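Enquirer: Provided below for reference: sequence and predicted model.
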Amino acid sequence: MKRLGIISLFALLFIGFVTVLDSTIRSSMDEANVPLKVSSVKSIPSEEGVFKRSNLGKRYLDMPVDETHQRSLKTYYDNRAYHGAPPSIPHPVKSERSMGGKDCLKCHQDGGFVAKYKAYAPVTPHPEMANCRQCHVPQQTNKVFKQTKFHKVPAPKAGVNNALPGSPPAIPHQIQMRENCLSCHAGPAAPKEIRVSHPDRSNCRQCHVVNNKEVTDIGNFIRSKNNE
């Protein structure tokens with residue numbers, strides 16, 4: 001009986017020790033657990049845009065290539081006044097009064113094959129900008145614009161933008177409003193020369209860096225007095 005009492009006493013002491021130790025550990029963990037504060041610094045738009053369609057990367061990877069209807073860089077650039085310019089609209093617009101918005105996004109938000117034109121609709125990299133026709137104009141018009149002597153600057157070529165043989169190609173163009181890489185570099189509407197082989201790797205700019213040599217920093221723009 002005496003032995004049983006001693007055992008019970010040690011058991012109670014052991015349980016008490018474990019309880020106090022557990023409480024002490026939990027208390028120290030709560031003190032160490034400092035919640036992260038929401039940063040007041042906004043994310044960089046050019047970095048944020050890279051991830052906008054990244055959830056479709058795996059789907060793009062599994063899509064078979066439709067070699068009959070795939071685009072080329074030539075057709076890609078032929079549809080622009082100059083490389084980097086907004087692509088013109090190569091098909092009739094249903095309503096001339098339409099300013100874009102949801103009308104354009106029906107085909108150009110997620111793409112897909114359009115049997116009427118026997119082509120895949122290119123995906124816009126900036127679907128949040130609903131006033132499409134502020135920048136995109138019909139391809140053929142004799143009413144608004146007149147022919148000029150404007151000559152296009154040669155567009156960047158594919159396959160020559162690597163710093164070293166085998167290194168990831170640099171980005172040879174500006175990325176403003178083209179932050180969403182997969183819009184032009186993945187999917188069935190992507191030009192075959194610049195279609196990426198690994199669209200499932202969502203963080204494109206982890207390896208591909210901007211190397212746009214056509215832009216020169218002119219500092220702060222100051223209007224000439226002669227133009228006043």
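Expert: Perfect, thanks for sending it.
Enquirer: Okay, strands next: where are they in this protein?
Expert: For the chain, the strands defined by DSSP state E cover 112-114, 119-121.
Enquirer: Please tell me how far the last one is from the chain's geometric centre.
Expert: It stands for strand 119-121. 20 Å (C-alpha atoms, centre = their mean, to the nearest Å).
Enquirer: Other residues contacting it?
Expert: Strand 119-121 is contacted by residues 66, 69-71, 107-108, 111-114, 187-189 when judged by C-beta atoms under 8 Å, 6 or more residues apart in numbering. C-beta: built from backbone N, CA, C; applies to glycine.
Enquirer: which one of those has the most neighbours?
Expert: residue 187 (24 neighbours; other C-beta atoms under 10 Å).
Enquirer: quick one: buried residues of stretch 119-127?
Expert: By neighbour count on 16 or more other C-beta atoms under 10 Å, the buried set for stretch 119-127 is 119, 120, 121, 122, 123, 124, 125, 126, 127.
Enquirer: so what's the last one up against?
Expert: The neighbourhood of residue 127, defined by C-beta under 8 Å, 6+ apart, consists of 105, 108, 109.
Enquirer: right, and residue 181 touches residue 204 too?
Expert: Yes - when contacts are counted by C-beta atoms under 8 Å, residue 181 is listed as touching residue 204 (4.4 Å).
Enquirer: okay, and the common contacts of these two?
Expert: Contacts common to residue 181 and residue 204, judged by C-beta under 8 Å, 6+ apart, are 50, 196.
Enquirer: just to revisit the earlier point, tell me which of the contacts of residue 127 is nearest to residue 155?
Expert: residue 108 (21.6 Å; C-beta to C-beta).
Enquirer: If you count neighbours, what's buried in stretch 173-180?
Expert: Buried residues in stretch 173-180 (16+ other C-beta under 10 Å): 173, 175, 177, 178, 179, 180.
Enquirer: pLDDT of it, averaged?
Expert: If you average the pLDDT over stretch 173-180, you get 85.
Enquirer: where do the helices sit along this protein?
Expert: 2-32, 45-48, 57-62, 73-78, 102-108, 182-185 (DSSP state H).
Enquirer: which one of those lies closest to residue 156?
Expert: helix 73-78 (9.2 Å).
Enquirer: If anything else comes up later, I'll come back, but that's it for now.
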